[in-house]
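Novice: Sequence below, structure please.
(chains A and B)
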Amino acid sequence: LIVWHKWVRLAEENECQRRRHAAHFTFQPDPVPTKYGPTQKMNLFQSVTSALDNTLASDPTAVIFGEDVAFGGVFRCTVGLRDKYGKDRVFNTPLCEQGIVGFGIGVAVAGATAIAEIQFADYIYPAFDQIVNEAAKYRYRSGNLFDCGNLTIRAPWGCVGHGSLYHSQSPEAFFAHCPGIKVVIPRGPVQAKGLLLSCIADKNPCIFFEPKILYRAAVEQVPVESYTLPLSQAEVLQEGSDVTLLAWGTQIHVMREVADMAQEKLGVSCEVIDLQTILPWDTETVCKSVVKTGRLLISHEAPVTGGFAAEISSTVQEECFLNLEAPISRVCGYDTPFPHVFEPFYIPDKWKCFEAIKRMINY
Amino acid sequence: MKNMLTIISNALCRITGKNVGARVVVSRSYADFTPQATFDIKKCEVHRLEEGPAGKAELTREQGLQYYRTMQTIRRMELRADQLYKQKIIRGFCHLYDGQEACAVGIESAINPSDHLITAYRSHGYTYTRGVSVKEILAELTGRKGGVAKGKGGSMHMYAPHFYGGNGIVGAQIPLGAGIALACQYQGNNQVCVTLYGDGAANQGQLFESFNMAALWKLPCIFICENNRYGMGTSVERASASTDYYMRGDFIPGIRVDGMDVLCVREATKFAADHCRAGKGPIVMELQTYRYHGHSMSDPGVSYRTREEIQEVRSKSDPISLLKERMLSSNMASAEEFKVIDVEIRKEVEEAAQFATSDPEPPLEELCNHIFYNEAPIEVRGTNPWSKLKSVS
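Specialist: Below you'll find the model as predicted:
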């Protein structure tokens, strides 16, 4: 009897923990793309591997380097590449982010395609000086004599459920403030591969943030061949007439659920837009949408003060002031460091977004 | 008759290596034990020094039992944390220290509580030696309000008076340590700062910046590299152009120390502390040690090293066994005493684990507290313009 009770209590505790630790979103896969050739089922890290595979095959100067990439990487994004292409093209660096990016800039300037991996976006700050002061300004200060457009930096990004302060950050806002680089964030495997290949092909230094919570959770049918998706172009995922919902990365899947909730419970028709490229961002698509709907909700995990939603909000009110029916709503993280145990309260989940829509409608 | 039985049982112990003595019920008075003994320790390789620490160390019975107790407590605490992690009661990141106990205990025994210490994320051992109870450490790991950082920091962020953590970003704690040493020098309080880092961090730029500043201004800073041979999954040969970490300070003198021998660590740290307190400037120490667990709980630890290697270190150089054998063979303590200590420690750790599992999590108000220092509580903007939380400090 005692054993039975213990077992029941354990099962209850497990159930509680399962509910508490359940993800705050449900991944919604894209429809199967038809114009890029045959597709294969891949998750996010496999689509990244596929993109890197295509690059190393087609570009003989391409090299991939970072901490632990040789054995496949801590998120398995580079599995098999070293065996296939050789250890002079896929190699480990010591533990030095500033060194990795500085080294990458050098490789890029000399003419080779450099794909640098920073193990977590939280660790990118030692390299911040190199990115902002060297990479971003190379073309400008040399009058187009030199540039490091061949550089692409990849880093896992965003909350993951148990990452706490230093494995969950979303630093896109810091880089959005720097002219000269491009910042791109995909929402799923199909987007990831296309956008990553575009970043690599792009003649500007690019930072590609990969939502780490989606590495395994996001599974789609991804084209096997190489294909590119345009940068600086936001994608309208769902058309609507009452509210524009704008987000990027993992938050898109939260927004899609919010759009369904709003339609079902409030009869509100939402237009969902994935920004995809943070810098330079597609002002035209967003403003056109706001002109149509009159209401805008922007959501991201990063803290609200100075987060990228602030820039979007400011630009939209400049362009679409007379079209706005309600103040632009920003549903973002609190202005605190990313917390340890408080994560479920911190992140802008679907309930907070839903509440914001209700208030905008009733303004 | 009793003495003969003891002598025979001890001899049998040493020959067979088995704990035969435990089955013989012997009562011995403390007068039977050797109060103090001198042991040979491995000579340290030195860099830019005339001579290193002596090749002999003295150990009293009390000291030996205390070192044993502290090391065994750290060992049991880490193993309990391993269990709690596998039960998903501890979540997030957990970097365990078992195998490296001699480093923490040796260092602490050579410095004063008023000296300062800062380390990286493999910090549970140092948190304990710097005075935090096992209860508070485990509660911090499980994220409860009884934890040393009120449950807000977790594994990598534990602090205590004169112990500055607990730092997640690799190498970031090194310039901090140099700064603490500057404060000691400025205040003229004869204290030193022990700044620890690993073999992975030894390739960070900030380390060399700190070396330069410390040597230039002769800061009382002891830079200690805990070389456990692997930076996460990368062995030192594959990460560093030079694996002589004690020489990497170049113009700073260095010592290479056997990090599995608590006495060797203690003597070397004493030597280093004397060096700093005499105003000779910084010094670098490399502790050659080993960790049994993987880098963190998500690393099995066997994909980049063989199980045989781990087993070999465990059987030949385990720090706790080394100390125990030394004390037993020189008759400084009995096996029963060690057993009694083990039982006490097990009880302490178990009680701490119970507390860590049952204590409530920090209240929601804590989410926004302690962001800034503010006299009047400030409002923190959050997920929506109408939902603000109060932050008090």
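Novice: List the buried residues of the helix or strand hosting residue A:352.
Specialist: Residue A:352 belongs to helix A:350-361 when assigned by DSSP states H and E. The neighbour-count check on helix A:350-361 (16 or more other C-beta atoms under 10 Å in any protein chain shown) flags A:350, A:352-357, A:359-361 as buried. C-beta: built from backbone N, CA, C; applies to glycine.
Novice: mind checking how far the closest residue to residue B:314 other than its chain neighbours is from residue B:321?
Specialist: The shortest distance from residue B:314 to any non-neighbouring residue, by C-beta to C-beta, 6 or more residues apart in numbering or on different chains, is to residue B:292 (6.5 Å). Relative to residue B:321, residue B:292 is positioned 13 Å away (C-beta to C-beta, to the nearest Å).
Novice: neighbour count winner among these two?
Specialist: residue B:292 (19 against 13; other C-beta atoms under 10 Å in any protein chain shown).
Novice: got a list of what that one touches?
Specialist: B:98-99, B:301, B:310, B:313-314 (C-beta atoms under 8 Å, 6 or more residues apart in numbering or on different chains).
Novice: Report the contact partners of the residue in the stretch 1-150 of chain A that chain B sits nearest to.
Specialist: Of all residues in the stretch 1-150 of chain A, residue A:94 sits closest to chain B, at 3.9 Å by C-beta to the nearest C-beta. Residues in contact with residue A:94 (C-beta under 8 Å, 6+ apart) are A:67, B:200, B:203, B:231, B:234, B:239-240.
Novice: So which of the contacts of residue B:292 sits lowest on pLDDT?
Specialist: Taking the contacts of residue B:292 together, the minimum pLDDT is found at residue B:301 (89).
Novice: Could you count how many residues lie near residue A:137?
Specialist: Look at residue A:137: counted by other C-beta under 10 Å, it has 15 neighbours.
Novice: mind checking the SS state of the residue nearest to the spatial centre of chain B?
Specialist: Residue closest to the average C-alpha location in chain B (C-alpha atoms, centre = their mean): residue B:104, at 2.9 Å. Per DSSP: H, G, I helix; E, B strand; the rest coil, the local secondary structure of residue B:104 is helix.
Novice: which ones are touching it?
Specialist: B:70, B:74, B:97, B:125-126, B:128-129.
Novice: Mind telling me the two of the residues you listed farthest from one another?
Specialist: Farthest-apart pair in the contacts of residue B:104 is B:70 and B:97; separation 12.2 Å (C-beta to C-beta).
Novice: Looking at those two, which is more packed in?
Specialist: The residue with more neighbours, out of residue B:70 and residue B:97, is residue B:97; 26 against 20, by other C-beta under 10 Å.
Novice: ok, back up a step: just the buried residues out of the contacts of residue B:292, in ChimeraX syntax.
Specialist: Buried subset of these, written as a ChimeraX selection, criterion 16+ other C-beta under 10 Å:
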select /B:98,99,301,310,313
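Novice: Where do the strands of the stretch 201-350 of chain A begin and end?
Specialist: A:206-211, A:219-223, A:235-238, A:243-247, A:270-274, A:277-279, A:296-303, A:329-333 (DSSP state E, counting those that start in this stretch).
Novice: Mind checking which of the contacts of residue B:292 are in strands?
Specialist: Among the contacts of residue B:292, no residue falls in strands (DSSP state E).
Novice: Three-state assignment for the residue nearest to residue B:314, please.
Specialist: Per three-state DSSP, residue B:292 ends up coil.
Novice: how about it, phi and psi?
Specialist: For residue B:292, the backbone dihedrals (degrees, to the nearest 10) come out as phi -80, psi -40.
Novice: quick one on the thing from earlier: which of the contacts of residue A:94 are buried?
Specialist: A:67, B:200, B:203, B:231, B:234, B:239-240.
Novice: any chance of these in a markdown table, with distance to residue A:292 and secondary structure too?
Specialist: Below are the buried ones among the contacts of residue A:94 laid out as a markdown table (distance: C-beta to C-beta, whole Å; DSSP: H, G, I helix; E, B strand; the rest coil):
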| residue | distance to residue A:292 | secondary structure |
| --- | --- | --- |
| A:67 | 46 | coil |
| B:200 | 53 | coil |
| B:203 | 54 | helix |
| B:231 | 54 | strand |
| B:234 | 53 | strand |
| B:239 | 55 | helix |
| B:240 | 59 | coil |
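Novice: want to throw these into CSV with distance to residue B:88 and pLDDT?
Specialist: Output for the buried ones among the contacts of residue A:94, formatted as CSV (distance: C-beta to C-beta, whole Å; pLDDT from 0 to 100):
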residue, distance to residue B:88, pLDDT
A:67, 27, 93
B:200, 28, 93
B:203, 34, 93
B:231, 27, 91
B:234, 28, 90
B:239, 32, 91
B:240, 36, 94
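Novice: Make CSV out of those and add distance to residue A:342.
Specialist: Shown next, in CSV, are these (distance: C-beta to C-beta, whole Å):
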residue, distance to residue A:342
A:67, 29
B:200, 30
B:203, 34
B:231, 31
B:234, 34
B:239, 36
B:240, 39
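Novice: now, which of these sits nearest residue A:168?
Specialist: Distances from residue A:168 to these, taken by C-beta to C-beta, are shortest for residue A:67, at 18.4 Å.
Novice: That closest one against residue A:119, yeah?
Specialist: Yes. With contacts counted by C-beta atoms under 8 Å, residue A:67 reaches residue A:119, the gap being 4.8 Å.
Novice: Close to chain A: what parts of the stretch 51-200 of chain B are there?
Specialist: By C-beta under 8 Å from any C-beta of the partner chain, the residues of the stretch 51-200 of chain B that approach chain A are B:88, B:91-93, B:143, B:151-154, B:156-157, B:168-171, B:200.
Novice: Please indicate which of the residues you listed are buried?
Specialist: B:91-93, B:143, B:151-154, B:156-157, B:168-171, B:200.
Novice: what about residue 315, how many neighbours?
Specialist: Using chain A here. 14.
Novice: right idea, wrong chain: chain B
Specialist: Residue B:315 has 9 nearby residues by other C-beta under 10 Å.
Novice: Model confidence score at the closest residue to residue B:235 other than its chain neighbours, please.
Specialist: Distance criterion C-beta to C-beta, 6+ apart; nearest residue to residue B:235, sequence neighbours excluded, is residue B:229 at 6.2 Å. Looking at residue B:229, its pLDDT reads 95.
Novice: Against chain A, how distant is residue B:229?
Specialist: Distance, residue B:229 to chain A, using C-beta to the nearest C-beta, to the nearest Å: 14 Å.
Novice: residue contacts, residue A:132?
Specialist: A:175, A:178, A:181.
Novice: swap the cut-off to 6 Å and go again
Specialist: Taking C-beta atoms under 6 Å, 6 or more residues apart in numbering or on different chains as the criterion, residue A:132 is in contact with residue A:178.
Novice: Can the helix or strand where residue B:356 lies be said to contact chain A?
Specialist: Following DSSP H and E, the helix or strand that holds residue B:356 is helix B:335-358. No. Against chain A, helix B:335-358 shows no contacts by C-beta under 6 Å from any C-beta of the partner chain, the least distance being 9.7 Å.
Novice: Could you give the average pLDDT over the helix or strand following that helix?
Specialist: Note on helix B:335-358: by DSSP H and E, the next helix or strand toward the C-terminus is strand B:378-384. Strand B:378-384 carries an average pLDDT of 79.
Novice: Equivalent analysis for stretch A:139-156, please.
Specialist: 94.
Novice: again, but for stretch A:310-319
Specialist: With pLDDT averaged residue by residue, stretch A:310-319 scores 96.
Novice: Over to stretch B:209-218?
Specialist: The average pLDDT within stretch B:209-218 is 95.
Novice: got it, and stretch B:317-329?
Specialist: The average pLDDT within stretch B:317-329 is 95.
Novice: chain center to that stretch: distance?
Specialist: How far stretch B:317-329 lies from its chain's middle: 18 Å, per C-alpha atoms, centre = their mean, to the nearest Å.
Novice: And for that stretch, what's in contact with it?
Specialist: With contact meaning C-beta under 6 Å, 6+ apart, stretch B:317-329 is reached by B:64, B:68, B:71-72, B:101-102, B:260, B:262, B:333.
Novice: three-state assignment of residue A:82?
Specialist: helix.
Novice: Fine, thanks again, bye for now.
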